[in-house]
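S.K.: Attaching a predicted model along with its sequence, questions to come.
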Amino acid sequence: MDGWAHNTQPGLETFFTPWHALFYSGFGAVAAWMGWSVWRRRPAAGSWRAAVPAGYGLGLAGTALFLLSGIGDLIVTTPLRSAWADPALGRRAGLGRLLPAVLSVTLAGGAAITLGVQCVLMQAVTGLDDAGLAVLGLAGAAVVEALLAVLRPAEPPRRRMRAFCAAAPVGFWGVYLGGIALGDRGLGWKPELWGGALVWSSLTLLALGMVMFPPPVPVGTAGRQAEDRLH
């Protein structure tokens with residue numbers, strides 16, 4: 001039905017359509033069933049890898065790939081395709097007119113590379129003995145990608161960037177540590193430790209953002225400060 005909608009309704013470029021809702025609700029039901037099947041076997045199996053029922057491995061891999069593809073279509077390719085199809089740009093649009101969309105493609109996907117891929121590679125070193133940690137890393141990276149899409153930190157006003165810096169570490173580590181706690185029935189850490197990890201990682205990135213992009217100095221303030229130092 002989604003393919004029919006795209007082929008019969010020209011200009012349909014938004015993600016939020018009834019056909020997408022039908023399409024992704026079916027995916028969600030299948031993904032939830034497979035995830036629950038693994039979850040209920042986890043205590044007896046002893047590890048996430050052993051908890052995967054026979055024949056479900058490729059299905060779970062396909063589910064993860066489908067999820068990442070859907071996120072990529074929403075926040076990576078959509079801005080560029082929409083800009084490219086804009087009639088106002090003309091047939092020979094220059095880079096300057098397409099630059100916002102290009103920047104969107106460049107920024108989106110950065111979290112998947114710097115966070116998700118690293119989490120997968122870290123587990124690959126041990127032969128994916130605890131593949132669940134790789135999945136949690138990808139899920140945390142997806143949360144950061146969603147924050148990028150919603151907050152758009154590269155655009156003004158500057159508070160978008162500050163909000164992203166404060167929220168991104170909490171989103172990533174919240175998913176990662178929360179998933180470990182659910183799987184292991186607790187982290188084994190006191191609340192002061194895991195809470196401090198969330199708060200301080202957030203404050204650290206926010207401080208770096210403030211240093212790299214300080215608030216603008218009001219006109220005339222710099223001159224008065226220099227004059228005060230001379231006196």
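M.R.: All right, it came through fine. Quantities reported herein were computed from a predicted structural model and do not represent experimental measurements. Numbering: from 1, shown residues only.
S.K.: mind listing what's buried in the helix or strand in which residue 183 is found?
M.R.: Using DSSP states H and E, residue 183 sits within helix 159-184. For helix 159-184, burial by neighbour count (16 or more other CB atoms under 10 Å) applies to 161-177, 179-180, 183. C-betas here are computed from N, CA, C, even on glycine.
S.K.: Buried residues, the helix or strand immediately after it in the chain. List them.
M.R.: Next helix or strand after helix 159-184 toward the C-terminus (DSSP H and E): helix 191-212. Buried residues in helix 191-212, counted by 16+ other CB under 10 Å: 194, 197-198, 202, 205-206, 209.
S.K.: ditto for stretch 59-67
M.R.: Result for stretch 59-67 [16+ other CB under 10 Å]: buried residues 60, 63, 67.
S.K.: The last one and residue 200: what is the separation?
M.R.: Meaning residue 67. 30 Å (CB to CB, to the nearest Å).
S.K.: try the first one
M.R.: Noted for residue 60: a distance of 34 Å to residue 200, by CB to CB.
S.K.: can you map out the strands along this protein?
M.R.: Ranges of strands in the chain, per DSSP state E: none exist.
S.K.: how does it divide into domains?
M.R.: Using automatic domain parsing, the domain parsing of the chain gives 15-85+100-108, 110-215.
S.K.: returning to that earlier point: okay if I get the buried residues of helix 191-212 as JSON lines plus pLDDT?
M.R.: As requested, the buried residues of helix 191-212 are exported to JSON lines (pLDDT from 0 to 100):
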{"residue": "194", "pLDDT": "89"}
{"residue": "197", "pLDDT": "91"}
{"residue": "198", "pLDDT": "92"}
{"residue": "202", "pLDDT": "92"}
{"residue": "205", "pLDDT": "88"}
{"residue": "206", "pLDDT": "89"}
{"residue": "209", "pLDDT": "82"}
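S.K.: by contact count, what packs against the longest helix along the chain?
M.R.: Identified as the longest helix of the chain according to DSSP state H is helix 18-45. If contacts are counted by 3 or more CB pairs under 8 Å, 6 or more residues apart in numbering; DSSP states H and E, helix 18-45 sits against helix 2-8, helix 48-51, helix 57-72.
S.K.: same thing but 10 Å
M.R.: On a contact count with 3 or more CB pairs under 10 Å, 6 or more residues apart in numbering; DSSP states H and E, helix 18-45 meets helix 2-8, helix 48-51, helix 57-72, helix 131-151, helix 159-184.
S.K.: surely residue 214 meets residue 161?
M.R.: No. Between residue 214 and residue 161 there is no contact under CB atoms under 10 Å: 11.5 Å.
S.K.: Outside of stretch 186-201 itself, list whatever touches it.
M.R.: 166, 168-174, 177-178, 180-181 (CB atoms under 10 Å, 6 or more residues apart in numbering).
S.K.: And those residues, which is closest to residue 155?
M.R.: residue 168 (15.9 Å; CB to CB).
S.K.: and the closest residue to that closest one other than its chain neighbours, how many neighbours?
M.R.: Of all residues not flanking residue 168 in the chain, residue 144 sits nearest, at 5.0 Å (CB to CB, 6 or more residues apart in numbering). Residue 144 has 22 neighbours, counted by other CB atoms under 10 Å.
S.K.: If anything else comes up later, I'll come back, but that's it for now.
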